[in-house]
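**Q** coords please:
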Amino acid sequence: MKWSRVLAAACVVFVMVSALSGQAHHVKSEVEAAGDTPANPPALAHLSGAFKSKDIKAAMRKVGDWEMKKSREDFNQDWTYAALYAGYMAAAKSLPEPSYEKAMLAMGNKFNWKLGPRLAHADDQAIGQTYLELYKDHHEPRMIEPTEKQFDALMKTKDDPKKPLWWWCDALFMAPPVWARLSSATGNKAYLDYMDHEWWITSDLLYDQDEHLYFRDESYLDKHEPNGKPLFWSRGNGWVMAGLARVLDAMPKDYPTRQKYVDQYKEMAARVVSIQSPDGLWRPGLLDPDAYPLPENSGSGFFVYALAWGIDRGILPRAAYLPAVKKGWAGLVSHIYVDGRLGCIQPIGAAPGDYKPASSYVYGVGAFLLAGSEVERLAEKGSSDGGVEILSTVRGVDFGPYLKKWKSVTDKTWLRLMPDEAKRPTLAKGEVVIRFKILPSGKVDPQSVVLDTRSGDETLDRAAWRAIVDSKYPKLPKKFKGPYLGLRVRFLYNAH
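**A** Alright, predicted model coming up:
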């Protein structure tokens, strides 16, 4: 009897401890982990939304640091966080902020570099964008091997004619950039061909050739706003435009159908700018802004990101689209709270819905950080040094002193090569953007030099090109253990 009582007591204690443990280690649902809406939010921060590098970086850092502290323990493989990770990867380089990259490396290791559990579902593939970006910087095969294995199996699966693989429009942000990046990383064109095939199946079903916008999915083809216009969700379309930008970044210039992506991107960009609200943002329902009292900042963030990206890559004319980018960025910044929370982000859903001003979710923060990185790149234009962007991961090394030396060397070479067209009395104007890699020895890898933006004057292009390839740069810092330093630099002729 004594032993039975002891055993019973022990069982009771075990059950009580287990119950208490469950309360202390509550596993959050997808919605709980992704964000929240506080009952009593703090005041707005009233940060500067100026088109200046220091202001842009200050806003990015405030929001990024707040979200990292709030959400790091909840990192998961879901699409909600995949968008956040993409933002942190961009911010890690543009700020720069090494702790963001370290957090992404820790995240990848935590999940053993695996995608989500559903083999074919785009939501579970989105995290692969960050894995592949880290692989590009670190060249560790384990970072992409699970993705390769999963995608190799997927390519053997036949299409279901009754339902496209990517049957909802935001899937075009989730999966296609992963396939395109994997193709670029491995040199296997089959991944890109697979992505291309599936993209246009989705596009044919959901892209409205008249409105130049995407329906969320097939069930929305006949749905309308209160004003009678078709229902186009801002978040879904923002994610499509971001997907187009990220696919094009990884797609070779000579890929057979590349121009189709460029054309669709330009169509959407023109349409989106035409319906931008006076506050610089976009409402949940794009064609009936009066029906929605608040802007939606996950869609708006991706619109600003994609538009700024297009200007930077020379696809969109700067003069025509920069005002929309400036307004959009200022609008986003106006929704930052004093603690760093970014508000007006619609919770998880499939269509325009209700939410409060302080509603904040991780995917909207990811869009904000991506937007900030591209906007800051545009704001830095002005000279050969002001437009420098580090493309590779700095691995905790401060490249400030090195870039000062780089600038001095580059400017001397550039001035020596300055063509007559750029001097008085002609004073030819133009912008040249060049991407390249500096090896640890200080030498420029000649195979890496790419003209991202041409001035329209071959002599100006040639002078900028030679300013890079003819310069003799110092060795990279000894503390830097990477294979190269990737840079993108802008040369502006007579811009002021």
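
**Q** flag every buried residue along the host helix or strand of K149.
**A** Assigned by DSSP states H and E, K149 belongs to helix 145-154. Judged by neighbour count using 16 or more other CB atoms under 10 Å, the buried positions of helix 145-154 are P146, T147, Q150, F151, L154. Quick note: C-beta positions are derived from backbone N, CA and C, even for glycine.

**Q** closest to I127 out of those residues?
**A** T147 (9.2 Å; CB to CB).

**Q** thought the closest one was touching Y131?
**A** Yes: assessed by CB atoms under 8 Å, T147 is found in contact with Y131 at 6.3 Å.

**Q** what touches both of those two?
**A** Listed as contacting both T147 and Y131 by CB atoms under 8 Å, 6 or more residues apart in numbering are W113.

**Q** show me where the stretch 101-250 of the chain has its strands.
**A** Along the stretch 101-250 of the chain, the stretches classed as strands by DSSP state E, counting those that start in this stretch are 207-208, 213-214.

**Q** any chance of TSV for these, columns mean neighbour count and mean pLDDT?
**A** Output for those, formatted as TSV (neighbours: other CB atoms under 10 Å; pLDDT from 0 to 100):
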stretch	mean neighbour count	mean pLDDT
strand 207-208	16	98
strand 213-214	25	98
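
**Q** distance to V409 added to these, as a markdown table?
**A** Below are the strands of the stretch 101-250 of the chain laid out as a markdown table (distance: least, CB to CB, whole Å):
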| stretch | distance to V409 |
| --- | --- |
| strand 207-208 | 48 |
| strand 213-214 | 47 |
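
**Q** before we move on, the earlier item: what's the farthest-apart pair in the buried residues of helix 145-154?
**A** Across the buried residues of helix 145-154 (CB to CB), the longest gap, 12.5 Å, separates P146 and L154.

**Q** helices of the stretch 151-300 of the chain, start to end?
**A** Using DSSP state H, counting those that start in this stretch, the helices of the stretch 151-300 of the chain run over residues 171-174, 176-186, 189-206, 234-250, 258-274, 297-312.

**Q** looking at these, which is nearest to V397?
**A** helix 176-186 (23.6 Å).

**Q** and the closest one, what does it pack against?
**A** In terms of contacts (3 or more CB pairs under 8 Å, 6 or more residues apart in numbering; DSSP states H and E), helix 176-186 is packed against helix 128-138, helix 145-154, helix 189-206, helix 234-250.

**Q** list of residues touching the shortest one?
**A** Put plainly, it is helix 145-154. Contacts for helix 145-154 (CB under 8 Å, 6+ apart): 112-115, 119-120, 125, 128, 131-132, 178-179, 182, 186, 191, 194.

**Q** by pLDDT, give me the weakest of the residues you listed.
**A** Minimum pLDDT for these is recorded at L119 (90).

**Q** three-state assignment of the most centrally placed residue in the chain?
**A** In the chain, the residue lying closest to the centroid (CA atoms, centre = their mean) is L370, at 4.2 Å. State at L370, reduced to three classes by DSSP: H, G, I helix; E, B strand; the rest coil: helix.

**Q** hmm, F303 and it touching each other?
**A** No: contact between L370 and F303 fails when scored by CB under 8 Å: they sit 10.9 Å apart.

**Q** which residue is the nearest non-sequential neighbour of W166?
**A** T202 (4.6 Å; CB to CB, 6 or more residues apart in numbering).

**Q** what distance do you get for the one you found to D196?
**A** Shown here: T202 relative to D196, a distance of 11 Å by CB to CB, to the nearest Å.

**Q** over to A245?
**A** 16 Å.

**Q** for these two, indicate the residue with more neighbours.
**A** Neighbours per residue, other CB atoms under 10 Å: of A245 and D196, the larger number sits with A245, 26 against 22.

**Q** residue contacts, the more buried one?
**A** Y265, Y305, A306, W309, G310.

**Q** at 10 Å what do you get?
**A** 173, 177, 261, 265, 269, 302, 305-310, 312-313, 315, 370, 374 (CB atoms under 10 Å, 6 or more residues apart in numbering).

**Q** and it, what pLDDT?
**A** 98.

**Q** now swap in R416 and tell me
**A** 87.

**Q** pretty sure it contacts V409?
**A** No: look at R416 against V409 with CB atoms under 10 Å: they stay out of range, at 11.2 Å.

**Q** between those two, which is the more surrounded one?
**A** Neighbours were counted for R416 and for V409 using other CB under 10 Å; V409 has more, 16 against 11.

**Q** quick check: phi and psi at the more buried one.
**A** phi -60, psi -50 (degrees, to the nearest 10).

**Q** nearest spatial neighbour of it, chain-adjacent residues omitted?
**A** S471 (5.0 Å).

**Q** show me what contacts that neighbour?
**A** W406, S408, V409, T410, D411, K412, T413, W414, I438, G442, V444.

**Q** check which helix or strand covers it.
**A** Going by DSSP H and E, S471 is not in any helix or strand.

**Q** if I look at it, how far off is K443?
**A** Taking CB to CB, one finds S471 at 10 Å from K443.

**Q** now for this structure, the helix or strand with the poorest mean pLDDT.
**A** Lowest mean confidence among the helices and strands of the chain (mean pLDDT, DSSP states H and E): helix 2-24, at a mean of 37.
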